[in-house]
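Student: sequence and predicted structure below; questions after.
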Amino acid sequence: MKIKSHFYIAAFAAASLCAAAPAVSLAAEKTGSSEKSGSTEAGGSKVHGMDETFAKNAADAGMAEVQLGDLATKNGESQAVKDFGSRMVTDHTKANDQLKSIASQKGIMLPEKISEKHQEAFDRLSKLTGAQFDKAYIKEMVKGHEHVATEFETASKEVKDADLKQFAANTLPTIKEHLKMARQINSELNGESSSKKGGAGAKKSTSGAGGAMGTTGTGDMGGTRSTGTTGGMTGGGVQ
């Protein structure tokens, strides 16, 4: 009886091992497949790791643009800066909402607040007002949009997920437009002092005795440059 009992126990143990083997093999195969594809499905996301990184970075930048844009409408002095800030709030709020919708479908957990680097920029700019704020804010916008434009350009070509790739491609033209506007305003703000000096110089030359000098002053400083600067702002479409 003891021999038979040991035989049955051994047989049962062998059968249990055989039954467990396929499950272990399947689990290993699934893990290997997940690692090979680079997806972050284990964390709840249904997209490739690179795609998730892009989505999170885009959300961070988008939230920062909204907060800084709102700050510009309050602390800015130039109407162009105020209008630009308002445009940032409108456009990036819309883009953020679209990204949130996609992220929800893909199981991507987007950040709920801006990153430390963006918070530092906000804190620094929030202490400024008037013309000082205008220049610092627009400089930040040029630098920020240059970086974001590059990220969206890359994402529109290399992101794996079709919805995120489409989002990047559709949003990129708006980002490039923002960058163009920021550069234009930045140029105008930094050229204001020289334009004023040019105007005064032209007026002085016209009333002076030297005819040749008067022509040079009016044509070079007063006419061409002043007209060019004004035209740049009017044609910028900031509003």
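Tutor: Nice, thanks for sending it over.

Student: CA only for contacts and neighbour counts going forward, please
Tutor: Noted.

Student: where does residue 128 sit: helix, strand or coil?
Tutor: coil (DSSP: H, G, I helix; E, B strand; the rest coil).

Student: who touches stretch 161-169?
Tutor: 47-48, 51, 55, 98-99, 102, 152-153, 155-159 (Cα atoms under 8 Å, 6 or more residues apart in numbering).

Student: for residue 118, which non-adjacent residue is spatially closest?
Tutor: residue 64 (6.2 Å; Cα to Cα, 6 or more residues apart in numbering).

Student: picking that back up, ok, of the contacts of stretch 161-169, which one's closest to residue 86?
Tutor: Taking Cα to Cα as the measure, residue 86 sits nearest to residue 98 out of those, at 18.8 Å.

Student: any quick PyMOL command for the buried ones out of the contacts of stretch 161-169?
Tutor: Selecting only the buried entries of the contacts of stretch 161-169 in PyMOL, with 16 or more other Cα atoms under 10 Å as the criterion:
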select buried, resi 47+48+51+55+99+102+152+153+155+156+159
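
Student: in helices only, show me the contacts of stretch 161-169.
Tutor: Under the assignment DSSP state H, these contribute 51, 55, 98, 99, 102, 152, 153, 155, 156, 157, 158 to helices.

Student: give the burial count for residue 117, as a bare number.
Tutor: Look at residue 117: counted by other Cα atoms under 10 Å, it has 9 neighbours.

Student: quick check: domain ranges of the protein?
Tutor: 48-191, 192-234 (automatic domain parsing).

Student: and among these, the most buried is which?
Tutor: Ranked by mean neighbour count under mean count of other Cα atoms under 10 Å, those are led by domain 48-191, which reaches a mean of 18.

Student: start to end distance for that one?
Tutor: 46 Å (Cα to Cα, to the nearest Å).

Student: wait, residue 65 touches residue 89, no?
Tutor: Yes. At 6.9 Å, residue 65 counts as touching residue 89 under the criterion of Cα atoms under 8 Å.

Student: how about the contacts made by the residue nearest to residue 118?
Tutor: 114, 118, 119, 122.

Student: show me the helices in this protein, by range?
Tutor: 2-37, 49-75, 79-106, 116-126, 130-158, 162-207, 211-217, 226-234.

Student: tell me the average confidence for stretch 129-146?
Tutor: For stretch 129-146, the mean pLDDT works out to 97.

Student: now it - C-alpha only, CSV.
Tutor: Taking Å, rounded to 0.1, in the frame of the first residue of the first chain, the C-alpha atoms of stretch 129-146 are listed here in CSV:
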residue,chain,number,x,y,z
THR,A,129,5.5,94.0,-15.4
GLY,A,130,5.3,96.4,-18.2
ALA,A,131,7.9,96.7,-20.9
GLN,A,132,10.3,94.5,-18.8
PHE,A,133,7.8,91.7,-18.8
ASP,A,134,7.0,92.1,-22.5
LYS,A,135,10.6,91.5,-23.6
ALA,A,136,11.2,88.6,-21.2
TYR,A,137,7.9,86.9,-22.0
ILE,A,138,8.4,87.1,-25.8
LYS,A,139,11.9,85.9,-25.5
GLU,A,140,10.6,82.9,-23.6
MET,A,141,8.0,82.3,-26.2
VAL,A,142,10.5,82.3,-29.1
LYS,A,143,12.7,79.8,-27.3
GLY,A,144,9.8,77.6,-26.2
HIS,A,145,8.1,77.5,-29.5
GLU,A,146,11.4,76.7,-31.3
